[in-house]
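Peer 1: Just to be clear, the model below is a prediction. Sequence and coordinates:
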Amino acid sequence: MSPAGELLVGLVIAAGLVGVVVQVLPGSLIVLGGVLVWATETGGGVAWTAFGVGVLAVVAAAVGKYVLAGRHLTGAGVRRSTLVWGAALGAVGFFVVPVVGLPLGFALGVYLIEWGGRRDRRVAWSATVAVLRATGIALLVELAGALVAAGAWLVAVLLT
């Protein structure tokens with residue numbers, strides 16, 4: 001692959017990493033897509049090994065983020081129905097307040113559902129904080145997987 005092509009793939013991977021953090025784009029899949037295009041165009045054992053490492057990292061992160069976040073939420077006593085309603089209000093918030101509406105609607109939704117169901121503001125706030133922490137944990141795990149995939153690509157580029 002030409003240096004210009006590698007630069008373009010690098011920009012796609014960087015956009016994917018931003019997508020992991022911003023949570024608007026499917027960041028990990030974009031990173032993997034960039035590595036796949038590069039491996040297809042470059043060919044060889046090093047390129048396909050980098051892609052394999054990327055796939056393993058992204059899949060492990062996808063599983064790990066749900067396991068770790070789920071354990072955190074279970075330990076905090078947050079009900080699944082709270083998460084569903086919080087996600088629904090987050091989706092509404094996404095359209096009402098561009099960019100920041102999704103996390104604001106989600107947090108507000110969790111708080112309102114917990115407060116409405118338990119009539120205790122401290123419990124509702126505790127559940128909201130637990131959900132936000134679990135979201136942060138999931139984001140960091142997904143980012144770690146995407147960074148490993150991007151790192152494998154960078155090492156492979158340097159080796160080829």
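Peer 2: Cool, the structure landed. Note that this is a predicted model, so its numbers are computed, not measured.

Peer 1: quick one: G86 and V24, what's the gap?
Peer 2: 18 Å (CB to CB, to the nearest Å). Yep, even glycine has a C-beta here, placed from its N, CA and C like the rest.

Peer 1: Compare those two and say which is more crowded by neighbours.
Peer 2: G86 (25 against 11; other CB atoms under 10 Å).

Peer 1: In this protein, what residue spans correspond to helices?
Peer 2: 3-22, 27-42, 45-76, 80-96, 101-118, 121-159 (DSSP state H).

Peer 1: name the helices or strands packed onto the last one?
Peer 2: This points to helix 121-159. Packing partners of helix 121-159 (3 or more CB pairs under 8 Å, 6 or more residues apart in numbering; DSSP states H and E): helix 3-22, helix 27-42, helix 45-76, helix 80-96, helix 101-118.

Peer 1: Show me what counts as buried in the longest one.
Peer 2: Applying a neighbour-count criterion of 16 or more other CB atoms under 10 Å, the buried positions in helix 45-76 are 46-47, 50-51, 53-55, 57-58, 61, 64-65, 69, 72-73.

Peer 1: And the residue of the chain positioned farthest from its centre, its phi and psi?
Peer 2: Centroid-distance maximum for the chain: R119 at 32.4 Å, with CA atoms, centre = their mean. Dihedral pair for R119: phi 50, psi 40, per degrees, to the nearest 10.

Peer 1: List the contacts of it.
Peer 2: Applying CB atoms under 8 Å, 6 or more residues apart in numbering, we find R119 in contact with no residue.

Peer 1: and it, what pLDDT?
Peer 2: Note on R119: pLDDT of 84.
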